[in-house]
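>>> structure, please.
(2 chains)
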Amino acid sequence: MKSAVVLLPGLNRDRDMIAALTKISGQVPATVWQTDTEIPDVDLIAIPGGFSFGDYLRCGAIAARMPVMRAVAEKAAKGVMVIGVCNGFQILLEAGLLPGALMRNASLKFVCRHVKLEIANANTMFTRRYQPGQIIRSPVAHHDGNYFADAETLARLEGEGQVVFRYAEGTNPNGSINDIAGIVSEKGNVLGLMPHPENLIEAAHGGSDGRALFEGALGIAA
Amino acid sequence: MKARVTVTLKNGVLDPQGKAIEHALSGLGFDGVGQVRQGKVFDIELTGTDKAKAEADLKAMCDKLLANTVIENYNVAIT
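Okay, here's the model as predicted:
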């Protein structure tokens, strides 16, 4: 299984994502730059976290309008898996590949800690290696992770099982509606989440709860 | 031509920054401050002279970039 990582100025978790994908898949992912209009033939495209374009205007707003994102949208339409982590999630929302918006944390504080996540839907290509309702640990590090969607969109997301990760009770770090931490697209091949599973994949990280996400997506034996 | 685009949060969207400003204002002793909502202002210079075209362009700019219409409303004023 091949993967590609999108690079944009201001991202700072790109090396973590490349390291995680390399360690888990055994293959170094291709990298694509913001001005690239073609993405190589891969099974998974990852948009890492960081502060693309300095978070100017709105988090992810400028990045979402770069040429590479048109290429990502075309691949997503063809069913290629896309995962956006943290700023990558913000970019996917701004690009319209996922519904809703991410706003400033309700506390107004940057949060950098571990949270507990509940697997709200284990029946997706990203979560199939987890059990429904399983509680896993994951790092978060963000200032704008407060997910919001209008009532109609929210009802659709909940009704269709598109809410995939939820902050476990009492650990919501940002005030997001319905404790939403991650959602998938209608077709299920685009995932956006605020937590950083790529930062919890081996003993050196103090745990490997995030590993099964990539193993599931890439179809790699645990 | 000059234009001013104002982007504000939609009703019903929580605004923790506005809330913090509201508390800070009352902390400074300003009585009678109700709700505060924070928004953005863009002053844009336009080279054309066709006002109708400018208005249409500005609306497109708002829809495509300046506002996130999931959570924000916008207003365009040409001066």
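>>> separation between A:V190 and A:R166?
Note on A:V190: its distance to A:R166, by CB to CB, to the nearest Å, is 18 Å. All C-beta atoms are positioned from the backbone trio N, CA, C, and that covers glycine.
>>> quick one, which of those two is more surrounded?
When neighbours are counted by other CB atoms under 10 Å in any protein chain shown, A:V190 and A:R166 differ, and A:V190 comes out ahead with 26 against 21.
>>> least trustworthy helix or strand in chain B by mean pLDDT?
Least confident helix or strand of chain B, by mean pLDDT, DSSP states H and E, is helix B:16-27 with a mean of 92.
>>> just the buried positions in that one, please.
Neighbour-count burial for helix B:16-27, with 16 or more other CB atoms under 10 Å in any protein chain shown as criterion, is recorded at B:P16, B:K19, B:E22.
>>> likewise for stretch A:79-92?
Those would be A:80-92, for stretch A:79-92 by 16+ other CB under 10 Å.
>>> wait, does that stretch make contact with chain B?
No. Stretch A:79-92 does not reach chain B (CB under 8 Å from any CB of the partner chain); its nearest approach is 10.3 Å.
>>> and that stretch, end to end?
15 Å (CA to CA, to the nearest Å).
>>> distance from it to the middle of the chain?
5 Å (CA atoms, centre = their mean, to the nearest Å).
>>> again, but for stretch B:29-44
10 Å.
>>> can you tell me which of the buried residues of stretch A:79-92 is nearest chain B?
A:Q90 (10.3 Å; CB to the nearest CB).
>>> would you confirm that that closest one belongs to a helix?
Yes. According to DSSP: H, G, I helix; E, B strand; the rest coil, A:Q90 belongs to a helix.
>>> okay, strands next: where are they in the chain?
I went with chain A, as the question did not name one. A:3-7, A:30-33, A:44-47, A:81-85, A:101-103, A:111-119, A:135-142, A:146-148, A:163-167, A:180-184, A:190-193 (DSSP state E).
>>> you looked at the wrong chain, it should be chain B
Using DSSP E, strands in chain B cover B:2-9, B:40-45, B:72-78.
>>> any idea of the mean pLDDT in the last one?
Per-residue pLDDT over strand B:72-78 has a mean of 97.
>>> hang on, the earlier thing: got TSV for the buried residues of stretch A:79-92, with pLDDT too?
Shown next, in TSV, are these (pLDDT from 0 to 100):
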residue	pLDDT
A:V80	98
A:M81	98
A:V82	98
A:I83	98
A:G84	98
A:V85	98
A:C86	98
A:N87	98
A:G88	98
A:F89	98
A:Q90	98
A:I91	98
A:L92	98
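>>> quick check: end-to-end length of stretch A:30-37?
14 Å.
>>> would you mark the buried spots in it?
Neighbour counts over stretch A:30-37 (16+ other CB under 10 Å) mark A:V32, A:Q34, A:D36 as buried.
>>> let me know the closest of those to A:Y56.
Closest approach to A:Y56 among the buried residues of stretch A:30-37 (CB to CB): A:Q34, at 14.2 Å.
>>> so the closest one is in contact with A:D14, correct?
No. Using CB atoms under 8 Å, A:Q34 is not in contact with A:D14, being 11.8 Å away.
>>> now the common contact residues for these two.
Common contacts of A:Q34 and A:D14 (CB atoms under 8 Å, 6 or more residues apart in numbering or on different chains): A:L7.
>>> list the contacts of residue 17.
You didn't pick a chain, so chain A it is. Applying CB under 8 Å, 6+ apart, the residues near A:M17 are A:V5, A:P29, A:A46, A:P48, A:V85, A:E198.
>>> can you look at chain B instead?
B:Q17 touches A:R104, A:L108, B:Q38, counting by CB under 8 Å, 6+ apart.
>>> for the contacts of A:M17, which one is nearest chain B?
Looking across the contacts of A:M17 and measuring by CB to the nearest CB, the closest to chain B is A:V85, at 19.9 Å.
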